[in-house]
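Participant: for reference, the sequence and a predicted model appear below.
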Amino acid sequence: MPVPIVYIGDPILRQKAKPVTDFIAVQELVDRLIADLREIKGAGLAANQIGLDLNIFVAEVKKTDLFPDREESPLTIMLNAEIIGRSEEMVTFWEGCFSIPGFLGEVPRHQWIDIKYQTRDGGHRQERISGYLARVIQHETDHLLGKFYLDRMPDMSSFMTREHFVRTVTEAKQLEKTE
């Protein structure tokens, strides 16, 4: 069964997600987000991307054909997440989004973030996260605040289709490796 992704233009993606208050009631939703994320082979998925107005996201970074060198991370589940600190150092890298299918763009993100959140059982946590997982978490928390990666791009000059990215950027990297 296809994952019911909500696309750019749907108002739910531009509003701030509601906090989770009933942690027992959302257990099936968390399991659904995990299954959907794995089905679409994504790095992260926010609840509003499947039409649910709740502050929940899941992330699990794996290497892909498009990004074979990225850092992997285990499954991360965050409810009521809030970034409370961030590095001054920014790192620019390519991002895409299932709610804006078929496109990528270069997005500056903080190298590390401090985040507080609740676990799926309602426990409170706070931690510092860096590297690629920090990028994914910033992307997903943006979703829950009603923002897209497009809103973070300083200009649109790198915005392109996935096909064009594969033809130009990926092939250029392969040429660099052989030279």
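Facilitator: All right, it came through fine.

Participant: excluding chain neighbours, give the residue nearest to Ile50 in space.
Facilitator: Pro4 (5.7 Å; Cβ to Cβ, 6 or more residues apart in numbering). Heads up, the C-betas are built off the backbone N, CA and C, glycines and all.

Participant: quickly find the element holding that neighbour.
Facilitator: Taking DSSP states H and E as the definition, one finds Pro4 inside no helix or strand.

Participant: could you report the distance from it to Glu60?
Facilitator: Noted for Pro4: a distance of 19 Å to Glu60, by Cβ to Cβ, to the nearest Å.

Participant: these two: which is more packed in?
Facilitator: Neighbour tally, Pro4 and Glu60, criterion other Cβ atoms under 10 Å: the higher count belongs to Glu60, 20 against 9.

Participant: and that one, what does it touch?
Facilitator: Ile34, Leu37, Arg38, Ala43, Gly44, Ser73, Pro74, Leu75, Thr76 (Cβ atoms under 8 Å, 6 or more residues apart in numbering).

Participant: list the backbone torsions phi and psi for it.
Facilitator: phi -160, psi 100 (degrees, to the nearest 10).

Participant: okay, it: pLDDT?
Facilitator: pLDDT recorded at Glu60 is 97.

Participant: and if you look at Pro68?
Facilitator: Pro68 is assigned a predicted lDDT (pLDDT) of 83.

Participant: where's it, which helix or strand?
Facilitator: Going by DSSP H and E, Pro68 is not part of any helix or strand.

Participant: what about it, how many residues nearby?
Facilitator: By other Cβ under 10 Å, the residues close to Pro68 number 9.

Participant: quick one: the residue nearest to Ile50 from Phe148, how far?
Facilitator: 19 Å.

Participant: pLDDT score assigned to Lys177?
Facilitator: Turning to Lys177, the model gives it a pLDDT of 58.

Participant: show me where pLDDT drops low in this structure?
Facilitator: The model of the chain has pLDDT under 70 over residues 1, 170-179.

Participant: can you give me the neighbour number for Arg120?
Facilitator: Neighbour tally, Arg120, other Cβ under 10 Å: 18.
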